[in-house]
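# heads up, no residue letters with this:
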């Protein structure tokens, strides 16, 4: 299988390499980035490495993953965005994280639009979901900009989250 490559105006969405964990680490240990992720705590090195390896496995087995995000203008890894199967809820999730210095520029929406389009068009998914803690207004705003519809509250990894979804027939990407 040749390496999949997705692209937006400002970003490359690429598969992970094992060594990428070190470049991703500053994002995963930033307490401000992590405040709405799970228990809100920065990740230890082992969890960062596990995340990268899980995305590598997803890519090999499913042909999609939470792609690493590379800024075209300088080649910097600034987060991730893509698809992954949820392990405790039905469905495939679109998800994203961005380095704090990249917030507020529309990059999450830009990347998520590409990932959702790929999920519907290339992967053939009929429905894509997204979850966020209700306090994470920025992520919920991205979900709404993608055209996702609020379905209600769900429990994800022990935390109540807002669950949004988008069906292929309603996709405007």
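Sure, I can see it. Owing to the predicted nature of the structure, the values given are computational and were not obtained by experimental measurement. Numbers count the residues shown, from 1 in each chain.
# residues in contact with the closest residue to residue 102 other than its chain neighbours?
What sits nearest to residue 102 in space, not counting adjacent residues and going by Cβ to Cβ, 6 or more residues apart in numbering, is residue 78, at 4.9 Å. C-beta coordinates here come from the backbone N, C-alpha and C atoms, glycine included. Residue 78 makes contacts with 27, 69-71, 98-99, 102, 107, as judged by Cβ atoms under 8 Å, 6 or more residues apart in numbering.
# now do residue 154
89, 131, 160-161, 163.
# Looking at those, spot the one nearest residue 21.
Closest approach between the contacts of residue 154 and residue 21, by Cβ to Cβ: residue 131, at 23.8 Å.
# Give me the distance between residue 105 and residue 70.
Separation of residue 105 from residue 70 (Cβ to Cβ, to the nearest Å) stands at 15 Å.
# Which stretches in this structure count as strands?
For the chain, the strands defined by DSSP state E cover 6-7, 11-14, 66-71, 77-85, 92-98, 127-132, 149-156, 159-167.
# possible to save those as JSON lines with mean pLDDT and distance to residue 138?
Putting these into JSON lines (pLDDT from 0 to 100; distance: least, Cβ to Cβ, whole Å) gives the following:
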{"stretch": "strand 6-7", "mean pLDDT": "96", "distance to residue 138": "22"}
{"stretch": "strand 11-14", "mean pLDDT": "98", "distance to residue 138": "17"}
{"stretch": "strand 66-71", "mean pLDDT": "98", "distance to residue 138": "16"}
{"stretch": "strand 77-85", "mean pLDDT": "97", "distance to residue 138": "13"}
{"stretch": "strand 92-98", "mean pLDDT": "97", "distance to residue 138": "9"}
{"stretch": "strand 127-132", "mean pLDDT": "96", "distance to residue 138": "9"}
{"stretch": "strand 149-156", "mean pLDDT": "95", "distance to residue 138": "16"}
{"stretch": "strand 159-167", "mean pLDDT": "95", "distance to residue 138": "12"}
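# Including distance to residue 45, could these go into a markdown table?
Shown next, in a markdown table, are the strands of the chain (distance: least, Cβ to Cβ, whole Å):
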| stretch | distance to residue 45 |
| --- | --- |
| strand 6-7 | 28 |
| strand 11-14 | 22 |
| strand 66-71 | 17 |
| strand 77-85 | 16 |
| strand 92-98 | 17 |
| strand 127-132 | 25 |
| strand 149-156 | 24 |
| strand 159-167 | 23 |
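# Since that was my last question, I'll sign off now.
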